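A.B. asks: coordinates only, sequence not included:
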């Protein structure tokens, strides 16, 4: 039982840095899962603090495709303060086990299962939380078919504590989904999650991860240096050429080496997964095919020259043709052009396309050659005006220029104003006239110029603004504040994106600034019992220390609170002075026999012993044997365990007569006057004894 609320059961999962227990929330009567950090990692105070902060961030996420986090806390285990997270318990099977049991999934089914994952990631990215450990084992499919992503923020705490490559035990099992930037020790961002999801989809449709090796380091090296075998070549069931291009384009776009060449958001990838699920051509595939057509056109022009040189007779008149000087590729095309391991299915498709283009080119050339004699010696070449294409999408601009009969060369250039993929300018400029077949250079925006985000943690806001300005970045004015017991007020705790991330110049960087420790007012707790007072302090994130003092108030009742009504930092220890219940008021025990007096004392809670002192003479026979004097006056406070001293009355006939009568030998005669004198003597004695 932890926190007097969560009853732990068997371990239902374990990983490199934590164990997961089946548990029951006894307060709400529901099944939960409790993830506890392993003790060896919990020994590091910085790691524990960051783990708690990440757990709190994870608890903020509320999405149907994210496993809910209900509670966080820590428990002392073997002398170590071990953090834990209480989560929704999901009944179902993770994606890793589904693939192991059923074999590779079809691309359509894989797309359907992973589409909710992109929605979960987008929700977390919007909240500034990067998962950093997307893998099949962290994707659950419930018994009702819902998809839920687990372990948000946990891997981030590890990444903050140390680089991925220096924690071998933590990398094992996750190196197969590690992005190149993480493998290089650089900070991860949202696009790192997209890369990992691409690796997950690769494994889902092929049954094997994209890279395998003898050690995590060997696998990480491949993520940085090697290109994966196209997944279509590993999918066991045959695919059409279009299906192969479709699935390859989605996975390899997500797995592009450079973050800027991947899907830029999880939503963008999700849109392609939705198209893939229904058998439609994805945006990535459409862009890839457009790039393939341009490449095929360039090859066709080269082949036309060769055919012309082989024909005997007069040299034919050829249209002016030039290969594009800087061919523009899509993100997927750039990724595929980096190596020669292209898909055999894709090569067949491109070869067929090239053949068609070549046949058309040869036919045109033959017609042009053999009809030469029928053409006049001098012809007027048609001039065409270049339209204004500024701001148009690249594909539309290329199509319009080609429709006008121009060759098109495309080059990229950063632009602070024109969005990525739109035209910046043409060369020659719009309005110029060129002959058909001439080359028009199209300059397309590659987006804003990229820059490295500086690390501004542990700086003040003013210092951060200065560092960001040097990098061409701005500070997001919506500064988030978060309490911290370790970082002084005004110092930056965290930033998004993290330092080292590449983003466009002019972007805004969000920061979280320490507000110092949380302050809380010490409440009035006098009159409560110690359990109630301690629970109240705990709810305010205050600790309690108890000092017991003598008091006649009930045992455990709070008598005083140190610093009552004062404002103190959370975590402060508050002294509670509580009653030990050991005081009582001394009852009147005179004129009682000792046994009766003891009973009166015991009934009042007294547990000490009675001590008889010297007897006290009395002339009243009826008082003999009763207590004539008590050492502690009635009404005074005494400890319940202290001794009580008393004196008994003893009958003495001499006490009835005045001393002068006794001296005169009149003891045997009791006159009325003697009786009066005796009564007065008794009263005087009672006054002396305080009765």
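C.D. replies: Cool, got the structure. Keep in mind it's a predicted model, so treat the numbers as computed, not measured. Numbers count the residues shown, from 1 in each chain.
A.B. asks: Identify the spatial nearest neighbour of residue 538, chain neighbours not counted.
C.D. replies: residue 544 (7.6 Å; CB to CB, 6 or more residues apart in numbering). Just so you know, the C-beta spots here come from the backbone N, C-alpha and C atoms, and that holds for glycine as well.
A.B. asks: typo on my end, residue 447
C.D. replies: Closest to residue 447 by CB to CB, 6+ apart is residue 420, at 3.7 Å.
A.B. asks: Kindly tell me how buried residue 466 is, as a neighbour count.
C.D. replies: Using other CB atoms under 10 Å as the criterion, residue 466 is surrounded by 14 other residues.
A.B. asks: separation between it and residue 495?
C.D. replies: 14 Å (CB to CB, to the nearest Å).
A.B. asks: quick one on the thing from earlier: contacts for the helix or strand encompassing the residue nearest to residue 538?
C.D. replies: Element membership for residue 544 (DSSP states H and E) is strand 543-549. Applying CB atoms under 8 Å, 6 or more residues apart in numbering, the contact partners of strand 543-549 are 530, 533-534, 537-538, 559, 571-580.
A.B. asks: With stretch 444-454 instead?
C.D. replies: Taking CB under 8 Å, 6+ apart as the rule, stretch 444-454 contacts 260, 328, 394, 397, 410-416, 418-424, 467-468, 470-473, 495, 497-507, 509.
A.B. asks: Buried only: go through those for me.
C.D. replies: 260, 328, 394, 397, 410-412, 415, 418, 420-424, 467-468, 471-473, 495, 497-498, 500-504, 507, 509 (16 or more other CB atoms under 10 Å).
A.B. asks: Just the ones of those in strands?
C.D. replies: Counting by DSSP state E, the buried ones among the contacts of stretch 444-454 place 410, 411, 412, 423, 424, 495, 502, 503, 504, 509 in strands.
A.B. asks: In these, find the pair that's most separated.
C.D. replies: Greatest spacing in these, by CB to CB: 410 and 495 (36.1 Å).
A.B. asks: quick one on the thing from earlier: dump the ones in strands among the buried ones among the contacts of stretch 444-454 to CSV, plus pLDDT and distance to residue 193.
C.D. replies: Below are these laid out as CSV (pLDDT from 0 to 100; distance: CB to CB, whole Å):
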residue, pLDDT, distance to residue 193
410, 86, 31
411, 86, 31
412, 83, 26
423, 93, 32
424, 92, 31
495, 92, 18
502, 78, 16
503, 82, 16
504, 81, 19
509, 94, 19
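A.B. asks: re earlier: hey, what's the residue nearest to residue 538 bridged with?
C.D. replies: Using DSSP bridges, the bridge partners assigned to residue 544 are residue 574.
A.B. asks: cool, residue 20 as well?
C.D. replies: Those that pair with residue 20 in a beta bridge, by DSSP bridges, are residue 13, residue 35.
A.B. asks: Check residue 81 too.
C.D. replies: Assigned bridge partners for residue 81, using DSSP bridges, are residue 76.
A.B. asks: what's around the residue nearest to residue 538, how many residues?
C.D. replies: Count around residue 544 with other CB under 10 Å applied: 18.
A.B. asks: Quickly note the distance from it to residue 441.
C.D. replies: Residue 544 is 76 Å from residue 441, by CB to CB.
A.B. asks: Repeat that for residue 481.
C.D. replies: 51 Å.
A.B. asks: likewise residue 602?
C.D. replies: 109 Å.
A.B. asks: out of the two, which sits in the busier spot?
C.D. replies: Counting neighbours by other CB under 10 Å for residue 602 and for residue 441 shows that residue 441 has the greater number, 16 against 11.
A.B. asks: Is the more buried one located within a strand, as I assumed?
C.D. replies: Yes - counting by DSSP: H, G, I helix; E, B strand; the rest coil, residue 441 is found in a strand.
A.B. asks: so what's it closest to, chain neighbours aside?
C.D. replies: Using CB to CB, 6+ apart, the nearest residue to residue 441 is residue 427, at 4.1 Å.
A.B. asks: repeat for residue 580
C.D. replies: residue 548 is the one closest to residue 580 (CB to CB, 6+ apart), at 4.3 Å.
A.B. asks: what about the one you found, how many residues close to it?
C.D. replies: 16.
A.B. asks: where in the stretch 301-450 of the chain is pLDDT low?
C.D. replies: Scanning the stretch 301-450 of the chain for pLDDT under 70 picks out the ranges 301-381.
A.B. asks: other SSEs contacting the helix or strand harbouring residue 578?
C.D. replies: Taking DSSP H and E as the definition, one finds residue 578 inside strand 573-579. Applying 3 or more CB pairs under 8 Å, 6 or more residues apart in numbering; DSSP states H and E, one finds that strand 573-579 contacts helix 530-539, strand 543-549, strand 558-561.
A.B. asks: So which bits of that strand are buried?
C.D. replies: Buried, per 16+ other CB under 10 Å, within strand 573-579: 574, 576, 578, 579.
A.B. asks: Show residues contacting it.
C.D. replies: With CB under 8 Å, 6+ apart as the criterion, strand 573-579 contacts 522, 525, 530, 533-534, 537, 542-549, 551-563, 568.
A.B. asks: sec struct for residue 229, please.
C.D. replies: Under three-state DSSP, residue 229 comes out as coil.
A.B. asks: Please tell me how far it sits from residue 413.
C.D. replies: Residue 229 is 34 Å from residue 413, by CB to CB.
A.B. asks: now do residue 572
C.D. replies: 59 Å.
A.B. asks: tell me the phi and psi of residue 201?
C.D. replies: Per-residue torsions, residue 201: phi -70, psi -40 (degrees, to the nearest 10).
A.B. asks: returning to what we had before: please produce TSV containing the ones in strands among the buried ones among the contacts of stretch 444-454, extended by distance to residue 477.
C.D. replies: Output for those, formatted as TSV (distance: CB to CB, whole Å):
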residue	distance to residue 477
410	38
411	37
412	32
423	33
424	30
495	14
502	23
503	18
504	18
509	11
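A.B. asks: Out of those residues, which comes closest to residue 81?
C.D. replies: Nearest to residue 81 among these, with distances taken as CB to CB, is residue 495, at 27.2 Å.
A.B. asks: show me the contacts for that closest one.
C.D. replies: Counting by CB under 8 Å, 6+ apart, residue 495 has contacts 453, 455, 456, 457, 464, 509, 510, 511, 512.
A.B. asks: Where does pLDDT dip in the stretch 1-150 of the chain?
C.D. replies: For the stretch 1-150 of the chain, the ranges with pLDDT under 70 are 16, 50, 54, 57.
A.B. asks: all helices for it, in order.
C.D. replies: 39-42, 45-60, 95-102, 107-126 (DSSP state H, counting those that start in this stretch).
A.B. asks: Name the stretch among those helices that sits most buried.
C.D. replies: helix 107-126 (a mean of 22; mean count of other CB atoms under 10 Å).
A.B. asks: I'd like to know how far the residue lying closest to residue 448 once chain neighbours are set aside sits from residue 124.
C.D. replies: Leaving aside its sequence neighbours, residue 448 sits nearest to residue 504 (CB to CB, 6+ apart; 3.2 Å). Going from residue 504 to residue 124 by CB to CB gives 22 Å.
A.B. asks: Mind giving me the packing neighbours of the helix or strand hosting residue 223?
C.D. replies: Using DSSP H and E, residue 223 falls within helix 216-225. Packed against helix 216-225 by the contact rule (3+ CB pairs under 8 Å, 6+ apart) you find helix 168-171, helix 180-183.
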